[in-house]
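Undergrad: have a look; sequence and predicted model below, questions after that.
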Amino acid sequence: MLQACSTATTVIAIVALLTLYAQQERGYGLDGSSVLPNLRGEHDRRLMLAVTILLIALAVVNTITLTWTTAMEARANMAIARTLGATPGQITAGLSTAQLLPALAGAIIGIPLGIGLLSLFAARNAAEPPSSWLLGAALATLLATAALTALPARLAARRPVAQTLSAETA
């Protein structure tokens, strides 16, 4: 549940950022030939980018921590699976998949929640980001989750079986 909520929150922020960047730049024209930039809009974009980067960093930490915790809790089960013939790669794939399923649910829920949340605060004539951007953001989130879960899962799966099983009986 925590992984799904973390992913959904991150995807909501990414949807907000993509929506902000889909808006047309509006400046202040004096005589038609010169245009003053909209400083508020520029600061809004920078602030939203900073908030999104911070939420992505938080999601990265959450994903690595959750995968490592799951791997540590499943040490005995992984050791038994290894004694029955499972390879470290299969164990890694299983742990990564276990984290990827809630991330998939979070990404699927995050996009409509992000669009719905923005519809409450956006102007009536606000442009929506293209669907390809939203789909790309969801896929990038899932790929990042898979990559981030692979390393802790691989490290946990490579632990010697005898050492793990003897530690569990002591």
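TA: Arrived safely. Residues are numbered from 1 along each chain as shown.
Undergrad: can you name the residues that contact residue 47?
TA: Counting by C-beta atoms under 8 Å, 6 or more residues apart in numbering, residue 47 makes contact with nothing. In short, each C-beta sits where N, CA and C put it, glycine included.
Undergrad: now do whatever helix or strand it lives in, average pLDDT.
TA: Residue 47 belongs to helix 39-73 when assigned by DSSP states H and E. For helix 39-73, mean pLDDT is 87.
Undergrad: could I get the buried residue list for the helix or strand just after it?
TA: Per DSSP H and E, the first helix or strand lying C-terminal to helix 39-73 is helix 75-83. Within helix 75-83, the residues that count as buried by 16 or more other C-beta atoms under 10 Å are 75, 78-79, 81-82.
Undergrad: what is helix 75-83 packed up against?
TA: helix 88-121, helix 131-157, helix 161-169 (3 or more C-beta pairs under 8 Å, 6 or more residues apart in numbering; DSSP states H and E).
Undergrad: before we move on, the earlier item: in the helix holding residue 47, which residues are buried?
TA: Quick answer for helix 39-73 (16+ other C-beta under 10 Å): 45, 48, 52, 55, 59, 62-63, 66-68, 70-71.
Undergrad: return the distance of stretch 90-106 from the chain's centre.
TA: From the chain centre to the centre of stretch 90-106 is a distance of 13 Å (C-alpha atoms, centre = their mean, to the nearest Å).
Undergrad: list the buried ones in it?
TA: Neighbour count says stretch 90-106 has 91-96, 98-100, 102-106 buried, by 16+ other C-beta under 10 Å.
Undergrad: ok, stretch 102-122 next?
TA: Those would be 102-111, 113-115, 118, 122, for stretch 102-122 by 16+ other C-beta under 10 Å.
Undergrad: nearest to residue 17, out of the residues you listed: which one, please.
TA: The closest of the buried residues of stretch 102-122 to residue 17 turns out to be residue 114 (C-beta to C-beta; 9.5 Å).
Undergrad: check contacts around the closest one.
TA: Residue 114 is in contact with 11-16, 19, counting by C-beta under 8 Å, 6+ apart.
Undergrad: please redo it, this time with the cut-off set to 6 Å
TA: By C-beta atoms under 6 Å, 6 or more residues apart in numbering, the residues touching residue 114 are 12, 15-16.
Undergrad: need the nearest residue in space to it, chain neighbours excluded.
TA: residue 15 (2.9 Å; C-beta to C-beta, 6 or more residues apart in numbering).
Undergrad: and the one you found, how far from residue 80?
TA: 42 Å (C-beta to C-beta, to the nearest Å).
Undergrad: let's have the buried residues of stretch 90-106 in CSV, adding pLDDT and distance to residue 127.
TA: Conversion of those to CSV gives the following (pLDDT from 0 to 100; distance: C-beta to C-beta, whole Å):
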residue, pLDDT, distance to residue 127
91, 84, 46
92, 84, 42
93, 86, 40
94, 86, 42
95, 85, 41
96, 86, 36
98, 86, 38
99, 86, 34
100, 90, 32
102, 92, 31
103, 92, 28
104, 94, 28
105, 94, 28
106, 94, 25
